[in-house]
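Visitor: Okay, predicted coordinates and the sequence, questions at the end:
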Amino acid sequence: MNPISPFFLVQLQILLPPASYSLESSVLEGYSHDESSQKAVMPLAVVWPENAGQIAAVLKLCNEQRIPVTARGGGSSLEGNAVPSPGGIVLSLEKMNTVLEILPEDFQVRLQPGVIYDDLNRQLARFGLFFAPGPSSGDVATIGGMVGNNAGGMNALRYGVTRDHVLRLQVALADGALLWFGTRAMKSSSGFDLVRLMVGSEGMLGIVTEIVLRLHGLPERRTALAHFPTLETAAQAVFEVMRSGILPGALELMDAVSIQHLNIFKKWSWPETPTLLFEFHGAPRGIAEELEITRQLCQEIGATTFREAASPAEREQLWAGRKEITRAEQDIFAGHIFFKGDIAVPLSQYVPTIQKAQNLAEEHGLSISAFGHAGDGNLHTTIPALPGDAEACIRAEKLMDDLIRFALSVGGTASGEHGIGLAKRKYLSEEHGAAVEVMRRIKQVLDPNGILNPGKMFLE
Ligand code: MLT
Ligand code: ZN
């Protein structure tokens, strides 16, 4: 029997139409986990509000009843941010998926949080605009989820992460108050920046009900793939290209193991050596020149091949390679637990960090793949381990631990763009020290009863 209290259920029924909530166990099961390897937790109920007023009303009720609320977008979190808090409900923003207003002359869009990244960009393309960050899960990730996580992606190097694009937010607070934060002006020095505070708060300070984003003009693009004999030569190419004054739209790295996984999954035969994916954004003549300078630099440094995408289909293929590494690994290692890393380090430490990962893997007798956003120092790693092999899981956990501590020791962060969620909680204090107490106090002020996604980010 569902442990939801009859009083809470009756109140929910008063607030929401029947199609906007469910207590069905098959439905609850689907919302009990996200894309992370964190243990599933069955929620008491799933609600699908259709407007800000309903969200505010549900929060007010949950606040009075002390029922935890976990907001959910596309459920693509890799750190457990969207796993329901025990004894709580899931508030899914899937039905709030309308682009409300495109303001081409202001380079802005106003939208609901459940809009999917790729759908938004399809609509914006008609106006010659785009929302830049470029998460690899853009076909499922929602803008609300990206705001909650401060998601980055392939284009963050040139345009910035989600936080750099959010101008205004309508937020429902834990007590049901609905407020607007921010301004539509391109800059402001008026008051504390509550928008930047909300972005990346993992649904723990309020629930975003409407968003105003800043956009960029859709540039011409040229895309190229370069294979290198070693990680060092690939890193040198990253450095030399950026030092030449070129700011690529994307600069991605895949190590030999990632390419092996891709080759198996896609039945391709890309050379299994460190590989860089470059994309140049801008006016046609400018990017043609940038591509040629990059080709020359890569060749001088020792790239074994440098191939430009000759058609839109080939460009799609190069990008599919980069974006589908995680899917390839989920497919090849079906049934495994994934120990995933999302560290970011100062650029000079990027290769030492990958080397550290490889050395640790050898030491622990495990296989690790490393790929990521080389241009901004963000490295993703995956270690698959079978759940039945407790000993391998312990070694994988230890490897991740050592790697994250290494990243922190060289001035990096435990999470470049996936958030803290459940998986990275123990590193928050190591990274921020006494500043975590300030974070806790902010949480206490905005959510005194601790109903908003409790158990995430902070170790109890
Ligand atoms: C990516 O860049 O592909 C994602 O952020 C990371 C991942 O899926 O591990
Ligand atoms: Zn990424």
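Guide: Yep, that arrived. Numbers count the residues shown, from 1 in each chain. Ligands and ions are numbered 1, 2, ... in the order given.

Visitor: Spell out which residues of the stretch 101-250 of the chain are next to ligand 1.
Guide: Residues of the stretch 101-250 of the chain lying close to ligand 1 (Cβ under 6 Å from any ligand atom) are S136. Yep, even glycine has a C-beta here, placed from its N, CA and C like the rest.

Visitor: ok, 8 Å please
Guide: For the stretch 101-250 of the chain, the contact set with ligand 1 under Cβ under 8 Å from any ligand atom comprises P135, S136, S137, A151, G152, G153, M154.

Visitor: pLDDT added to the residues you listed, as TSV?
Guide: Conversion of these to TSV gives the following (pLDDT from 0 to 100):
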residue	pLDDT
P135	96
S136	93
S137	94
A151	98
G152	98
G153	97
M154	97
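
Visitor: possible to save those residues as a markdown table with neighbour count and secondary structure?
Guide: Formatted as a markdown table, these follow (neighbours: other Cβ atoms under 10 Å; DSSP: H, G, I helix; E, B strand; the rest coil):
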| residue | neighbour count | secondary structure |
| --- | --- | --- |
| P135 | 26 | coil |
| S136 | 20 | coil |
| S137 | 22 | coil |
| A151 | 28 | coil |
| G152 | 27 | coil |
| G153 | 24 | coil |
| M154 | 24 | coil |
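
Visitor: Pick the one among the residues you listed closest to ligand 1.
Guide: S136 (3.4 Å; Cβ to the nearest ligand atom).

Visitor: if I look at the closest residue in space to the closest one that isn't next to it in sequence, how far off is P133?
Guide: Sequence neighbours aside, K323 is the residue nearest to S136 in space, at 4.3 Å (criterion: Cβ to Cβ, 6 or more residues apart in numbering). According to Cβ to Cβ, to the nearest Å, K323 and P133 sit 13 Å apart.

Visitor: now L124
Guide: 13 Å.

Visitor: Compare those two (neighbour count), which wins?
Guide: Using other Cβ atoms under 10 Å, the more surrounded residue of L124 and P133 is P133, with 24 against 20.

Visitor: Now do the more buried one against L59, distance only.
Guide: Counting by Cβ to Cβ, the gap from P133 to L59 is 27 Å.

Visitor: Let me know the secondary structure of the spatially closest residue to F306 that is not a sequence neighbour.
Guide: Leaving aside its sequence neighbours, F306 sits nearest to A226 (Cβ to Cβ, 6+ apart; 4.5 Å). Under DSSP: H, G, I helix; E, B strand; the rest coil, the three-state class of A226 is strand.

Visitor: How about the contacts made by A226?
Guide: A234, A237, T275, L276, F278, C298, A303, T305, F306, R307 (Cβ atoms under 8 Å, 6 or more residues apart in numbering).

Visitor: need these in JSON lines with secondary structure, can you?
Guide: What follows is those, written out as JSON lines (three-state DSSP):
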{"residue": "A234", "secondary structure": "helix"}
{"residue": "A237", "secondary structure": "helix"}
{"residue": "T275", "secondary structure": "strand"}
{"residue": "L276", "secondary structure": "strand"}
{"residue": "F278", "secondary structure": "strand"}
{"residue": "C298", "secondary structure": "helix"}
{"residue": "A303", "secondary structure": "coil"}
{"residue": "T305", "secondary structure": "strand"}
{"residue": "F306", "secondary structure": "strand"}
{"residue": "R307", "secondary structure": "strand"}
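
Visitor: G286 - how many residues pack around it?
Guide: If you count neighbours by other Cβ under 10 Å, G286 ends up with 15.

Visitor: so what's the closest residue to it other than its chain neighbours bridging to?
Guide: Closest residue to G286 apart from its sequence neighbours, by Cβ to Cβ, 6+ apart: F280 at 8.0 Å. Per DSSP bridges, the residues bridged to F280 are R222.

Visitor: L251 too?
Guide: When bridges are called by DSSP bridges, L251 pairs up with F278.

Visitor: Distance of it relative to R158?
Guide: Applying Cβ to Cβ to L251 and R158 gives a distance of 9 Å.

Visitor: how about stretch 92-103: buried residues?
Guide: Buried positions in stretch 92-103, judged by neighbour count with 16 or more other Cβ atoms under 10 Å: S92, L93, E94, K95, M96, N97, V99, I102.

Visitor: What is the distance between that stretch and the centre of its chain?
Guide: Chain-centre distance of stretch 92-103: 19 Å, with Cα atoms, centre = their mean, to the nearest Å.

Visitor: next one: stretch 254-274
Guide: Distance of stretch 254-274 from its chain centroid, counting by Cα atoms, centre = their mean, is 23 Å.

Visitor: Is it in proximity to ligand 1?
Guide: No - Stretch 254-274 does not reach ligand 1 (Cβ under 8 Å from any ligand atom); its nearest approach is 9.9 Å.

Visitor: List of residues touching that stretch?
Guide: So stretch 254-274 is contacted by 227-231, 233-234, 253, 275, 277, 304-305, 320-322, 324-325, 327-329, 331-332, 354, 367-371 (Cβ under 8 Å, 6+ apart).

Visitor: Just the ones of those residues in helices?
Guide: Counting by DSSP state H, the contacts of stretch 254-274 place 231, 233-234, 320-322, 325, 327-329, 331-332, 354 in helices.

Visitor: what number of residues lie near E363?
Guide: Other residues within reach of E363, judged by other Cβ under 10 Å, total 12.

Visitor: element containing it?
Guide: Assigned by DSSP states H and E, E363 falls within helix 350-364.

Visitor: distance between that helix and the chain's centre?
Guide: Computed by Cα atoms, centre = their mean, the separation of helix 350-364 from the middle of its chain amounts to 23 Å.

Visitor: which other residues reach it?
Guide: With Cβ under 8 Å, 6+ apart, helix 350-364 has contacts from 231-232, 235, 238, 253, 255, 341, 343, 345, 367-368, 370, 374, 377, 379, 381, 383, 395-396, 398-399, 402-403, 406-407, 410, 412.

Visitor: Out of those, which end up buried?
Guide: In these, burial by neighbour count holds for 231, 235, 238, 253, 255, 341, 343, 345, 367-368, 370, 374, 377, 379, 381, 383, 395-396, 399, 402-403, 406-407, 412, counting by 16+ other Cβ under 10 Å.

Visitor: Quick one: the strands in the stretch 1-150 of the chain, in order.
Guide: Assigned by DSSP state E, counting those that start in this stretch, the strands in the stretch 1-150 of the chain fall at 21-22, 46-47, 69-72, 89-92, 99-103, 108-111, 129-130.

Visitor: now those strands in CSV, with mean pLDDT?
Guide: Listed next are these as CSV, based on pLDDT from 0 to 100:
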stretch, mean pLDDT
strand 21-22, 98
strand 46-47, 98
strand 69-72, 98
strand 89-92, 98
strand 99-103, 98
strand 108-111, 98
strand 129-130, 98
